[in-house]
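In: build me a structure from this.
(chains A, B and C)
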Amino acid sequence: MLSFQKLLKAQQISKSDLNKLFHQADIYKTKLETNQRITDLQGKILASLFFEPSTRTRFSFESAMNRLGGSVVSLENGASSSTKKGETLDDTGKVVDQYADIIVMRHPRPHSVEEFSKHVTSPVINAGDGENEHPTQSLVDLYTIHSELGDIKNLKIGLLGDLKYGRTVHSLVKILSTYNCSFEFISSDELKVPNEIKELIKANGCSFNEHESIDSEVIKNLDVLYVTRVQQERFPNKESYLKNKDHCYLAKEHILNPEKLIILHPLPRVDEMDRTIDELPCAKYFEQVRYSVPIRMALLALLVNKA
Amino acid sequence: MLSFQKLLKAQQISKSDLNKLFHQADIYKTKLETNQRITDLQGKILASLFFEPSTRTRFSFESAMNRLGGSVVSLENGASSSTKKGETLDDTGKVVDQYADIIVMRHPRPHSVEEFSKHVTSPVINAGDGENEHPTQSLVDLYTIHSELGDIKNLKIGLLGDLKYGRTVHSLVKILSTYNCSFEFISSDELKVPNEIKELIKANGCSFNEHESIDSEVIKNLDVLYVTRVQQERFPNKESYLKNKDHCYLAKEHILNPEKLIILHPLPRVDEMDRTIDELPCAKYFEQVRYSVPIRMALLALLVNKA
Amino acid sequence: MLSFQKLLKAQQISKSDLNKLFHQADIYKTKLETNQRITDLQGKILASLFFEPSTRTRFSFESAMNRLGGSVVSLENGASSSTKKGETLDDTGKVVDQYADIIVMRHPRPHSVEEFSKHVTSPVINAGDGENEHPTQSLVDLYTIHSELGDIKNLKIGLLGDLKYGRTVHSLVKILSTYNCSFEFISSDELKVPNEIKELIKANGCSFNEHESIDSEVIKNLDVLYVTRVQQERFPNKESYLKNKDHCYLAKEHILNPEKLIILHPLPRVDEMDRTIDELPCAKYFEQVRYSVPIRMALLALLVNKA
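Out: Numbering: from 1, shown residues only, chains lettered A, B, ... in the order given. Below you'll find the model as predicted:
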């Protein structure tokens, strides 16, 4: 059994939880690859509530539920919701709770999933509440590293792009810093990793370096390079955006160790990297999408079946 | 077998229909509570057509269909429909009829479901056609009373709020007046129950009283208090709305018999009642949502399987 | 096994493909009519991506997948897609590929499905890419003729209405001209069939005639009359549209052989024909909708199972 019933933020996931989730995801991954029928959530219903559209995350969860033999009731675009009639999120939670065995929710407002889940008795998973948290993205990232490199311990992790606002970057670093990893932060000055994260890394006894531009010698020694999208809406004007974006553009020639490194990206990507990198063996961002299904299957199954 | 193949309005539901539906719903309720697998509509398809969004009603029907082992094709927001290309509802009906074994439809225009279903051979359920009818809400209300109080006969029913426009209130009263119930109508002068309903109650040999404000002595003797939302769009201006709304605000101290009474509400609610009432044992509006699943399962199964 | 893995245009469908698809569709049609349970795609997932809404086509595919025992992840309205965040269609394809065993896609832009499918390893079906292609509509048309008339060879085919822009008309004629059919084209001067289509008919050794108005003597000798909608958006102004539309209006009295002829229409229809024609035995456009399910089941099953 997992230590939580409602997954609101990445830090709720303990090391023991991660072990259980990885173990179960490995089982599902093998079954999927060998076309074995899975019926672990047969007869169960997932309510998939997207008050802000996200085809990627929604499909990943709904696909995971279907692969488990379960059913889905889906809200693709919550503009079509009775919260428009003035219902509180708390009430919406109590209502949806009656229709489903587990609920996944995305909402543009920070802490909305917490508010929604206050009186819900079914398990609830935060699939992104605005700028606040998106804990299952961290699960996907960690499971990808685990699967590709065999372990998530003692790694050299590079993080590139928007290290200031990126919620997935912060969650990932927080967790990996408890696994004795070291970090290379590569970003423009405006997008540097916040001090609180650096303090946490130190408190966990890990080391980090900061770089203001891409250096292939830094990348050469990495186990993982995590690339993020620099979002235009973070900047006061287009010029400032373009300057920041170009500053951290990842070119193919930056990668001197394509056999050893793995490159991850939470996607979607726009133009923060050279697309010819896709051809390199280190490009693992679409495999990362594939890993999202078994790890989310594990999460759904362990929460519903409390096994 | 039910007496209807297309459920367009609440009055089509005979006493014999209600008995069959309650009986089947009780069976499903027990199976759901004891986690028994149900496959009564395995291989069958529900077309769930919402030309106006309603997450609550849609999820209730789709959840019911999934719990029966069936599948769903779903239109979340009919703005995305070919009626936009100028197709008549009659044609849309003939088309959707080819894809499904049963059809549930909501549409903002009164009598649209009737128009849609004219040439449809599959069963059709009206899930709300504007201000006209929403017969399965009455089914849910009645099944909740049946389940909570053991019977729907000889009860004292209080109805509070918008008794003029509320389609669910009218349907409920029409049916309960054939079960020897008496009624206490509580509303502002502008929102009083229409004369035609009062005439029907008399014709059925039942009694009623009207009250212009909430009186805890009236509530004290009730078996059921049915609260409705006062909708701002009914009033010429905000002042008029607020006056009417506050007039019938239900406070916790109005309830002197929280052990005997049950309070229902079709939801969503906005601010027509004190939320601390939720903690009282009489607050059954979220249970009411839960009861919506087995009773809609019964309706779907009896219509498709004609058992 | 079919000769294609990605169905982007009607001309990819070979005679051998058609035979296999018809054969499999006939099997499914019988099973559906006799209520036999089908589990050929149990555990498989269809991603149904509609970047432009089309309830008819979407429901047809999703119903087909459900009838095969499979599951669906559905995008009803792609306005809610991460392509809005600037993702390329190529990337979207690589992502969705991880979630599904087969993908159906509609998009308003010509050749978008091809772009999307470039790196996709799952089978992909074009469900309409703007004015370009809609190959499964041709499959449905052909399967309807096959089922109603026993064969698609040596037929006299009339085509009425918009023969210039109608993508389904062009695909249908291209394929039927390889089955020794002859054609009667009936349209206003502005909506005549393009020269390239006429050249192809000749190259395939078939004959055709063109008519500028409806002639019941022409219709009398037909095996199939295929009616299309004249779309207002094709014309510079409303007058021009109305003139063209009325020019080819099909009245009941035009049909002298209602027992022999079959009338098809890709639907939706607006006012290009007299609705009392629906009562004639030759009106097969709603049966055509019904045939869409087994033929799309056959397509899905043969692509996924590569049988």
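In: helix, strand or coil: sort out the residue of the stretch 1-150 of chain A found nearest chain C for me.
Out: Ranking the residues of the stretch 1-150 of chain A by distance to chain C (C-beta to the nearest C-beta) places A:Pro53 first, at 3.1 Å. Bear in mind the C-beta positions are built from the backbone N, C-alpha and C, glycine included. Assigned by DSSP: H, G, I helix; E, B strand; the rest coil, the conformation of A:Pro53 is coil.
In: now swap in A:Pro266 and tell me
Out: Following three-state DSSP, we place A:Pro266 in the coil state.
In: next one: it from A:Asp141, what distance?
Out: Distance, A:Pro266 to A:Asp141, using C-beta to C-beta, to the nearest Å: 7 Å.
In: mind listing the helices for the stretch 101-250 of chain A?
Out: For the stretch 101-250 of chain A, the helices defined by DSSP state H, counting those that start in this stretch cover A:112-117, A:135-149, A:167-176, A:195-203, A:216-220, A:238-247.
In: relative to C:Val304, which of those is closest?
Out: Proximity to C:Val304 (C-beta to C-beta) singles out helix A:135-149 among the helices of the stretch 101-250 of chain A, at 25.8 Å.
In: show me the shaky parts of the stretch 101-250 of chain A.
Out: For the stretch 101-250 of chain A, no stretch has pLDDT under 70.
In: okay if I get the helices of the stretch 101-250 of chain A as JSON lines plus mean neighbour count?
Out: Compiled in JSON lines, those are given as follows (neighbours: other C-beta atoms under 10 Å in any protein chain shown):
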{"stretch": "helix A:112-117", "mean neighbour count": "22"}
{"stretch": "helix A:135-149", "mean neighbour count": "23"}
{"stretch": "helix A:167-176", "mean neighbour count": "23"}
{"stretch": "helix A:195-203", "mean neighbour count": "14"}
{"stretch": "helix A:216-220", "mean neighbour count": "15"}
{"stretch": "helix A:238-247", "mean neighbour count": "15"}
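In: for C:Cys206, find the nearest of those.
Out: Of all these, helix A:135-149 comes closest under C-beta to C-beta, at 55.9 Å.
In: find me the pLDDT at the residue nearest to A:Ser147 when sequence neighbours are not counted, would you?
Out: Sequence neighbours aside, A:Tyr291 is the residue nearest to A:Ser147 in space, at 5.9 Å (criterion: C-beta to C-beta, 6 or more residues apart in numbering or on different chains). Looking at A:Tyr291, its pLDDT is 98.
In: give me the neighbour count for A:Tyr291.
Out: Residues contacting A:Tyr291 under the criterion other C-beta atoms under 10 Å in any protein chain shown number 23.
In: check A:Glu87 too.
Out: Using other C-beta under 10 Å, A:Glu87 has 19 other residues around it.
In: got the residues of the stretch 151-300 of chain A near chain C?
Out: Contact residues, the stretch 151-300 of chain A versus chain C (C-beta under 8 Å from any C-beta of the partner chain): A:Leu267, A:Pro268, A:Arg269, A:Val270, A:Phe286, A:Val289, A:Arg290, A:Ser292, A:Val293.
In: same thing but 7 Å
Out: A:Leu267, A:Pro268, A:Arg269, A:Val270, A:Phe286, A:Val289, A:Arg290, A:Val293 (C-beta under 7 Å from any C-beta of the partner chain).
In: got a list of what the residue positioned nearest the centre of chain A touches?
Out: In chain A, the centroid-proximal residue (C-alpha atoms, centre = their mean) is A:Gln137; its distance is 1.0 Å. Taking C-beta atoms under 7 Å, 6 or more residues apart in numbering or on different chains, we find A:Gln137 in contact with A:Thr168, A:Pro266.
In: what's the burial count for the residue of the stretch 1-150 of chain A closest to chain C?
Out: Counted with other C-beta under 10 Å, the neighbours of A:Pro53 add up to 21.
In: and chain A, what are its domains?
Out: In terms of domains, chain A is parsed into A:6-133+A:292-305, A:136-288 (source: automatic domain parsing).
In: deepest of the ones you listed, which one?
Out: For the domains of chain A, average neighbour numbers computed from mean count of other C-beta atoms under 10 Å in any protein chain shown are highest in domain A:6-133+A:292-305, which has a mean of 21.
In: now the end-to-end length of it.
Out: 14 Å (C-alpha to C-alpha, to the nearest Å).
In: how about stretch A:139-157?
Out: One end of stretch A:139-157 sits 16 Å from the other (C-alpha to C-alpha).
In: neighbouring contacts of it?
Out: So stretch A:139-157 is contacted by A:13, A:18, A:21-22, A:25, A:168, A:172, A:175-176, A:179-183, A:221-224, A:226, A:262, A:264, A:284, A:287-288, A:291-292, A:295, A:299 (C-beta under 7 Å, 6+ apart).
In: what's the spacing between that stretch and its chain's center?
Out: Here the centre of stretch A:139-157 is set off from its chain's centre by 13 Å, with C-alpha atoms, centre = their mean, to the nearest Å.
In: mind listing the strands for the stretch 201-307 of chain A?
Out: For the stretch 201-307 of chain A, the strands defined by DSSP state E, counting those that start in this stretch cover A:208-211, A:224-227, A:262-264.
In: just checking, what packs against the shortest one?
Out: The elements that strand A:262-264 packs onto, with contact taken as 3 or more C-beta pairs under 7 Å, 6 or more residues apart in numbering or on different chains; DSSP states H and E, are helix A:135-149, strand A:224-227, helix A:285-305.
In: now A:Ser14, nearest residue through space, not along the chain?
Out: Distances taken as C-beta to C-beta, 6+ apart place A:Ser3 nearest to A:Ser14, at 5.1 Å, with adjacent residues excluded.
In: am I right that that neighbour sits in a strand?
Out: No. Secondary structure of A:Ser3 (three-state DSSP): coil, not part of a strand.
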